[in-house]
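Engineer: structure of the sequence below:
(one chain, ligands or ions: 1)
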Amino acid sequence: MMISTTMNAKLNDQIGAEFAAAHAYLAMACDFDRMALKALAKRFLKQHDEECEHAMKILHYVQEVGGTVSLDAIAKPKKDYKNMEAIVSTALQNELDITAKINDLMTLAESEKDYATRSFLQWFVDEQVEEVSSMTDLLNIVKLAGENMLQVESLVRHQMLAEKS
Ligand code: FEO
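Structural biologist: Predicted coordinates:
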């Protein structure tokens with residue numbers, strides 16, 4: 001195997017963390033859908049799909065370097081949020097937590113002189129910059145809009161249409 005047993009275990013933890021993040025986004029998407037905020041629901045569903053891709057990317061890497069994939073239970077997502085701001089601020093906190101975990105993995109890779117894993121993780125380091133930034137933007141917009149959820153919904157719809165074109 002090309003990675004240490006410690007790294008193997010930590011990568012398995014990260015697979016679990018990415019699936020937990022996916023699960024949390026899915027629950028949030030369902031909350032938005034229930035509020036008839038379809039664009040926000042779609043945006044969070046897209047985040048769910050991306051987190052699943054992250055988990056699978058790590059899973060395939062573990063297989064590729066001869067490690068053992070070990071899957072754990074996925075934590076039950078939080079529910080009964082007070083309002084939209086509480087949902088988005090939890091999503092941002094989740095992204096910050098994932099970023100911290102990726103940084104810890106990077107530190108481990110460097111301390112073990114595991115340059116293959118360090119190189120693999122660089123994509124995640126860059127991805128987290130983008131994810132934290134876009135969720136911070138969304139939280140700021142939600143705060144600016146106050147109680148006006150429809151304003152946020154309309155902005156997110158426009159952003160998604162712009163991304164498509
Ligand atoms: Fe895969 Fe958004 O962390």
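
Engineer: all contacts plus neighbour counts: C-alpha atoms, from now on.
Structural biologist: OK.

Engineer: tally of neighbours for the one residue in the chain that gets nearest to the ligand?
Structural biologist: Residue of the chain nearest the ligand, by C-alpha to the nearest ligand atom: residue 51 (4.6 Å). Residues lying near residue 51 (other C-alpha atoms under 10 Å) number 22.

Engineer: continuing past the host helix or strand of residue 59, what's the next helix or strand?
Structural biologist: Assigned by DSSP states H and E, residue 59 belongs to helix 38-64. Toward the C-terminus, helix 38-64 is succeeded by helix 84-111 as the next helix or strand (DSSP H and E).

Engineer: buried set for that following helix?
Structural biologist: If you call a residue buried by 16 or more other C-alpha atoms under 10 Å, then helix 84-111 has these buried ones: 84-85, 87-92, 94-96, 98-99, 101-103, 105-106, 108-109.

Engineer: now do it: distance to the chain's middle.
Structural biologist: Helix 84-111 has its C-alpha centroid displaced from the chain centroid by 8 Å (C-alpha atoms, centre = their mean, to the nearest Å).

Engineer: go on, stretch 131-148?
Structural biologist: With C-alpha atoms, centre = their mean, you get 16 Å for stretch 131-148.

Engineer: now that stretch: mean pLDDT?
Structural biologist: Stretch 131-148 comes out with an average pLDDT of 95.

Engineer: which residues are contacting it?
Structural biologist: Residues from elsewhere that reach stretch 131-148 (C-alpha atoms under 8 Å, 6 or more residues apart in numbering): 84-85, 88-89, 91-92, 95-96, 149, 151-152.

Engineer: need the max-distance pair from those residues.
Structural biologist: 96 and 151 (25.9 Å; C-alpha to C-alpha).

Engineer: what does this protein put close to the ligand?
Structural biologist: 18, 51, 54, 95, 98, 131 (C-alpha under 6 Å from any ligand atom).

Engineer: tell me the contacts of the nearest residue to residue 99 once chain neighbours are set aside?
Structural biologist: Counting by C-alpha to C-alpha, 6 or more residues apart in numbering, residue 99 lies nearest to residue 128, which is 5.9 Å off, once chain neighbours are set aside. Residue 128 sits next to 95, 98-99 when contact means C-alpha under 8 Å, 6+ apart.
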